[in-house]
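Enquirer: After the sequence you'll find the predicted model.
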Amino acid sequence: MSRRRLYRLSVTSQTHTLFVAHETSVILSAFQQQKEVRLKSSPADLVTETDQQVEKMLISAIRRKYPQHRFIGEESVAAGEAVELTDSPTWIIDPIDGTVNFVHRFPFVAVSIAFTVNKQTEFGIVYSCVEDKLFHAQRGRGAYLNGKPLCSDIHRCVVVTEIGAESRSITCCVLLCYSVRALGTAAVDMCQVATGGADAYYHIGMHCWDIAASTIIVLEAGGVVMDTDGSEFDMMSRKVIAASSSAVANGIAQVVQAFPCRRDNEAASKRKCDTQSERAVAQPTACVLHEL
Ligand SMILES: O=P(O)(O)O[C@H]1[C@H](O)[C@@H](O)[C@H](O)[C@@H](O)[C@@H]1O
Ligand SMILES: [Mg+2]
Ligand SMILES: [Mg+2]
């Protein structure tokens, strides 16, 4: 039997500095500049040349070291690559999570990188660039924020969600009984559950690359992740609830009304037509923090 290579994420302060220096200096220097912006599925789903540049930098750097590995990158998929999660070692990358924020210079933009083997996430990294917050976790080894252990069990009534490209008014108003926040980046939203800063995060319509890394960070911080209907989480389903406990997650699952969303790993042609139908109803994201 082939020896299963063990992959270790050794994030030391030196790696943190390296990670910051290498990948995000491109983002931070572009953050204040004028940007060339293109629409993808809706006015709330944008891409810039920086998104594409950072994804290319990440993939070529990893491919030099691991030529056999596979990739699911947000902008590679947007350019027509299939979303195919196999047992092979696979990197799931969102080069800039929060591109709408990046374009508006709203200071919550993150690089999100997850690594899976046999479809199981081995480690995840979410770097919130402007905040200089490096969230990371490795399966079975805990979750950390800038090197300090994270624990998700501080109970409050803050729920984080997104009112982005794929939202529907109905799912937003069912949460009015909570204090609701939306940072405009699914990855950083979800990491708030790992820090205990939020009780729960839920999202319908995001993509696997938005939350692949933050999912393991929540789990390793002691949180739970499930589908919005309370069933087992499926990274390709585009539906997620992350919470500090199963009780909180099930409470959210009871009030969230899902709307149909094509799976990430459905044929691209199907996904496009879904996007067109979504385009008809998507509300443009107002780039403000919703205090409800
Ligand atoms: O900024 P990207 O990587 O496109 O991801 C965002 C997505 O496009 C939006 O629709 C969601 O509302 C955000 O939470 C994602 O971060
Ligand atoms: Mg994203
Ligand atoms: Mg992105």
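Expert: Okay, I see it. Numbers count the residues shown, from 1 in each chain. Ligands and ions are numbered 1, 2, ... in the order given.
Enquirer: element containing residue 225?
Expert: Following DSSP states H and E, one finds residue 225 within strand 224-226.
Enquirer: How about residues contacting that strand?
Expert: For strand 224-226, the external contacting residues (Cβ atoms under 8 Å, 6 or more residues apart in numbering) are 215, 218-219, 232-233, 240-246, 249, 253. Heads up, the C-betas are built off the backbone N, CA and C, glycines and all.
Enquirer: In those, find the pair that's most separated.
Expert: 232 and 244 (18.5 Å; Cβ to Cβ).
Enquirer: neighbour count winner among those two?
Expert: residue 244 (24 against 8; other Cβ atoms under 10 Å).
Enquirer: does the closest residue to that one other than its chain neighbours count as helix, strand or coil?
Expert: Among residues not flanking residue 244 along the chain, residue 152 sits closest, at 4.6 Å (Cβ to Cβ, 6 or more residues apart in numbering). Of the three states, residue 152 takes coil under DSSP: H, G, I helix; E, B strand; the rest coil.
Enquirer: wait, isn't residue 152 in contact with residue 194?
Expert: Yes. The pair formed by residue 152 and residue 194 meets the contact definition of Cβ atoms under 8 Å, at 5.3 Å.
Enquirer: who touches both of those two?
Expert: With Cβ under 8 Å, 6+ apart as the test, residue 152 and residue 194 both reach 218, 221, 223.
Enquirer: if I've got this straight, the first one is in a strand?
Expert: No. Under three-state DSSP, residue 218 falls outside any strand and is assigned helix.
Enquirer: so it makes contact with residue 193?
Expert: Yes. Applying Cβ under 8 Å, one finds residue 218 in contact with residue 193, separated by 5.1 Å.
Enquirer: Pull up the overlap in contacts between these two.
Expert: 152, 242.
Enquirer: Can you tell me how far residue 220 is from residue 145?
Expert: 12 Å (Cβ to Cβ, to the nearest Å).
Enquirer: Determine which member of those two has the greater number of neighbouring residues.
Expert: Neighbours were counted for residue 220 and for residue 145 using other Cβ under 10 Å; residue 220 has more, 24 against 19.
Enquirer: Who are the contact partners of the more buried one?
Expert: Contacts of residue 220 by Cβ under 8 Å, 6+ apart are 137-143, 150, 194.
Enquirer: Sketch out the low-pLDDT regions of the stretch 1-150 of the chain for me.
Expert: For the stretch 1-150 of the chain, the stretches with pLDDT under 70 are 1-23.
Enquirer: could you show me where the helices are in it, in order?
Expert: Residue ranges of the helices in the stretch 1-150 of the chain, as given by DSSP state H, counting those that start in this stretch, are 13-19, 25-31, 49-65, 74-78, 99-104.
Enquirer: Dump the ones you listed to TSV, plus distance to residue 267 and mean neighbour count.
Expert: Formatted as TSV, the helices of the stretch 1-150 of the chain follow (distance: least, Cβ to Cβ, whole Å; neighbours: other Cβ atoms under 10 Å):
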stretch	distance to residue 267	mean neighbour count
helix 13-19	35	13
helix 25-31	32	16
helix 49-65	22	16
helix 74-78	12	20
helix 99-104	25	22
